[in-house]
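1. Please work out how this folds:
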Amino acid sequence: MQRIDRRRVLQLSGAGVLAARAGGGLAAILASGRAPAFAQGTTLHWVKPVDFVPISDQLLKGKMKEECQKALGINLNVETIEGNGVQARTTSAIQSGAGPDIIMELNNWAQLYAESTADMSDLAEEVGNAQKGYYDTAKAVAFDGKKWVGMPFTILGAQIVNRTSWWKEAGITADNYPKTWEDYRAAGKKLKGKDHPLGQTLAHTYGDAPTFWYPYLWSWGGKEVEADGKTVVLNSKETVESVKFATAFYKECFDDGGMAWDDSGNNRAFLSGTISATLNGASIYLLAKAKPDNYADENGKPLKDDMFHTALPKGPAGQFSYHLPFVNIVPNYGKNQKPAKDFLRWFHSKDVFEEWFTSQQGFCVGPTKMWMDDKVWQVDPVMAPFRTAVESGKFAGYPATSGRKAAEVVSKYIIVDMYAKAAQGMAAEESVKWAHDELVKIYA
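-> Residues are numbered from 1 along each chain as shown. Now for the predicted structure:
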């Protein structure tokens with residue numbers, strides 16, 4: 001990252017990072033060589049999920065921490081925690097009225113805390129207008145219809161990662177990959193027969209579970225609610241058919257261990273040669289690429305050279321996807337709300353965000369469409385499917401808005417549990433009715 005000198009500070013101030021202060025204004029601040037008075041000695045505590053690309057967290061805690069201190073006079077304290085612990089940490093902080101200055105939320109969880117967060121509308125609109133606008137998913141999870149409850153951070157693209165050689169044994173390549181669930185099931189049966197099952201979690205975990213089972217539901221024509229966001233319609237013929245198909249599909253094609261996987265379980269299974277395919281971010285490939293001597297196929301060759309990525313198959317109602325968004329909220333209990341927003345404004349400026357974005361190597365797309373044209377997408381053709389994947393993404397609550405009630409449904413894993421209960425023996429009609437009734441309690 002280039003040193004952020006006085007000229008860079010001046011550029012950033014045009015976007016509102018620095019404001020003229022009483023007693024001399026911006027010129028006096030620059031002449032003094034000091035950061036603005038509000039930031040002198042300020043420590044910002046930022047809690048975020050552990051990144052599946054470790055180098056990105058190392059960058060935040062090292063080089064970018066130093067640059068933040070130089071540019072803003074802010075001591076950035078980045079605390080990383082396991083993603084499934086974010087909600088409990090957020091709830092505890094808000095209920096107690098004390099805690100981190102910034103918390104990174106996953107999915108649409110920010111909507112759950114809308115009444116307890118600072119209004120981020122000025123910042124979000126500023127960044128969006130400057131960077132070609134937001135992806136629909138980024139706005140859906142951060143805007144509640146009245147205000148931006150959080151600042152969109154990024155979106156993690158979800159694609160199926162496949163073992164090239166094993167799929168080739170079944171007569172399938174990236175060019176003739178199954179387009180429908182029926183064809184995918186037929187291929188999965190062949191692969192499991194060769195002791196190369198598919199892998200997919202049905203557990204309570206924030207990423208891989210909803211990113212598979214929500215678009216699977218939509219592809220059959222099932223949905224939580226109507227577009228009005230009030231009328232629960234989950235208990236439908238389409239949903240029941242999706243559950244019946246999934247029950248047989250899971251038994252015939254998938255590794256049974258997936259019932260209990262967290263978001264690292266499928267990574268470990270794929271890298272150890274247990275499964276032939278799984279819906280995931282690009283972390284499996286990137287880790288194998290970073291450590292080619294550690295991850296090899298059964299012939300001792302680098303595993304990174306035996307992978308390709310594809311989108312989810314389509315169902316009777318079409319092809320859908322769900323990509324994992326991240327949003328930073330600033331709880332309104334904090335005394336550092338302005339420094340927190342100024343830090344986020346600085347971080348989302350092009351030069352600063354680009355350094356972090358490059359470290360991701362395509363693992364995520366930016367929250368705004370400008371990043372689709374970044375040079376990072378020219379580096380590795382294996383990562384190419386992630387570049388535009390988010391464009392087709394829908395989100396929880398579809399076709400309605402992804403508000404607080406949809407966030408509660410995601411948080412309680414009701415859709416995931418509907419399929420898990422059936423896979424564990426409950427009749428399809430009964431599991432759908434259970435899930436429908438749970439949704440009525442929320443949407444009512």
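2. what sits against the residue found closest to H196 once you drop the neighbours it is linked to in the chain?
-> Of all residues not flanking H196 in the chain, S276 sits nearest, at 4.0 Å (C-beta to C-beta, 6 or more residues apart in numbering). Heads up, the C-betas are built off the backbone N, CA and C, glycines and all. Going by C-beta atoms under 8 Å, 6 or more residues apart in numbering, S276 touches N162, R163, W166, W167, L191, H196, P197, L198, G199.
3. Just say helix, strand or coil for the closest residue to the last one other than its chain neighbours.
-> Spelled out, it's G199. Nearest in space to G199, with sequence neighbours left out and distances taken as C-beta to C-beta, 6+ apart, is I275 at 3.4 Å. What DSSP: H, G, I helix; E, B strand; the rest coil gives for I275 is coil.
4. any idea how far V225 is from V233?
-> Separation of V225 from V233 (C-beta to C-beta, to the nearest Å): 6 Å.
5. Just want to know which of these two has more residues nearby.
-> Set V225 next to V233 and count neighbours by other C-beta atoms under 10 Å: V225 wins out with 23 against 14.
6. mind checking the backbone torsions on the more buried one?
-> With angles defined as degrees, to the nearest 10, V225 sits at phi -140, psi 170.
7. Please name the bridge partners of it.
-> V225 has these beta-bridge partners by DSSP bridges: V232.
8. Give me the below-cutoff pLDDT ranges for this structure.
-> 1-40 (pLDDT under 70).
9. Backbone torsions only: list them for the spatially most central residue of it.
-> In the chain, the C-alpha nearest the mean C-alpha coordinate belongs to L324, at 2.5 Å (C-alpha atoms, centre = their mean). Here is the backbone geometry of L324 (degrees, to the nearest 10): phi -80, psi 110.
10. Check the gap between it and V390 for me.
-> 10 Å.
11. Can you pull the residues that touch both of these two?
-> With C-beta under 8 Å, 6+ apart, L324 and V390 have common neighbours I155.
12. Leaving out the residues flanking it, which one is nearest to D255?
-> P197 (4.4 Å).
13. For that neighbour, give me its contacts.
-> P197 neighbours (C-beta under 8 Å, 6+ apart): G188, L191, C253, F254, D255, T274, I275, S276.
14. for L106, same thing?
-> P49, G83, V86, Y206, G207, L324, P325, F326.
15. Please report the distance of the fourth one from L106.
-> When distance is defined by C-beta to C-beta, Y206 is 5 Å away from L106.
16. With the first one instead?
-> Here the criterion is C-beta to C-beta. By it, P49 lies 6 Å from L106.
17. so what's in contact with these two at the same time?
-> Joint contacts of P49 and L106 (C-beta under 8 Å, 6+ apart) are G83, V86, F326.
18. Turn those into CSV, columns for neighbour count, secondary structure and distance to D144.
-> Converted to CSV, those look like this (neighbours: other C-beta atoms under 10 Å; DSSP: H, G, I helix; E, B strand; the rest coil; distance: C-beta to C-beta, whole Å):
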residue, neighbour count, secondary structure, distance to D144
G83, 23, helix, 23
V86, 21, helix, 19
F326, 26, strand, 17
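19. coming back round to it: now, which of the contacts of L106 sits nearest V365?
-> Each of the contacts of L106 was checked against V365 using C-beta to C-beta; the closest is P325, at 10.0 Å.
20. secondary structure class for the closest one?
-> Quick answer, by three-state DSSP: P325 is strand.
21. show me what contacts it?
-> By C-beta under 8 Å, 6+ apart, P325 lies in contact with 106-108, 137-138, 140-142, 152-156, 367, 395.
22. isn't Y285 right next to N162, touching?
-> No - under the contact definition of C-beta atoms under 8 Å, Y285 does not touch N162, with a separation of 10.4 Å.
23. which residues touch N280?
-> A158, Q159, I160, V161, D208, N266, N267, F270.
24. what do you get for A269?
-> By C-beta under 8 Å, 6+ apart, A269 lies in contact with G199, D255, G257, G258, W261, I275, T278.
25. how would you label E241: helix, strand or coil?
-> Under three-state DSSP, E241 falls in the helix class.
26. Quick check: it vs G222, distance?
-> 8 Å.
27. And those two? Which one has more around it.
-> Remark: of E241 and G222, G222 carries more neighbours, 25 against 17, as counted by other C-beta under 10 Å.
28. got a list of what the residue nearest to that one when sequence neighbours are not counted touches?
-> Counting by C-beta to C-beta, 6+ apart, G222 lies nearest to T239, which is 3.6 Å off, once chain neighbours are set aside. T239 is in contact with L217, W220, G222, V432, counting by C-beta under 8 Å, 6+ apart.
29. and these, which two are the farthest apart?
-> In terms of C-beta to C-beta, those reach their longest pairwise distance at W220 and V432, which sit 11.5 Å apart.
30. Of these two, which one has the most company?
-> Neighbour comparison, W220 and V432: the larger count goes to V432, with 26 against 23 (by other C-beta under 10 Å).
31. host element of the more buried one?
-> helix 428-443 (DSSP states H and E).
32. just V416 next, same as before
-> Using DSSP H and E, V416 falls within helix 414-423.
33. Other residues contacting that helix?
-> 202-204, 209-210, 213-214, 216-217, 224, 234, 243-244, 246-247, 250-251, 259, 409, 428, 430-432, 434-435, 438-439.
34. Going through these, which ones are buried?
-> 202-203, 209-210, 213-214, 216-217, 224, 234, 243, 246-247, 250, 259, 409, 428, 431-432, 434-435, 438-439 (16 or more other C-beta atoms under 10 Å).
35. that older thread, got the CA positions of the helix holding V416 in CSV?
-> The C-alpha trace of helix 414-423 is given here as CSV (Å, rounded to 0.1, in the frame of the first residue of the first chain):
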residue,chain,number,x,y,z
ILE,A,414,-35.9,-22.6,9.6
ILE,A,415,-35.5,-23.3,5.9
VAL,A,416,-32.3,-25.3,6.5
ASP,A,417,-34.1,-27.3,9.2
MET,A,418,-37.0,-28.1,7.0
TYR,A,419,-34.7,-30.1,4.7
ALA,A,420,-32.7,-31.5,7.6
LYS,A,421,-35.7,-32.9,9.3
ALA,A,422,-36.8,-34.6,6.1
ALA,A,423,-33.4,-36.0,5.5
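36. Cheers, nothing more for now.
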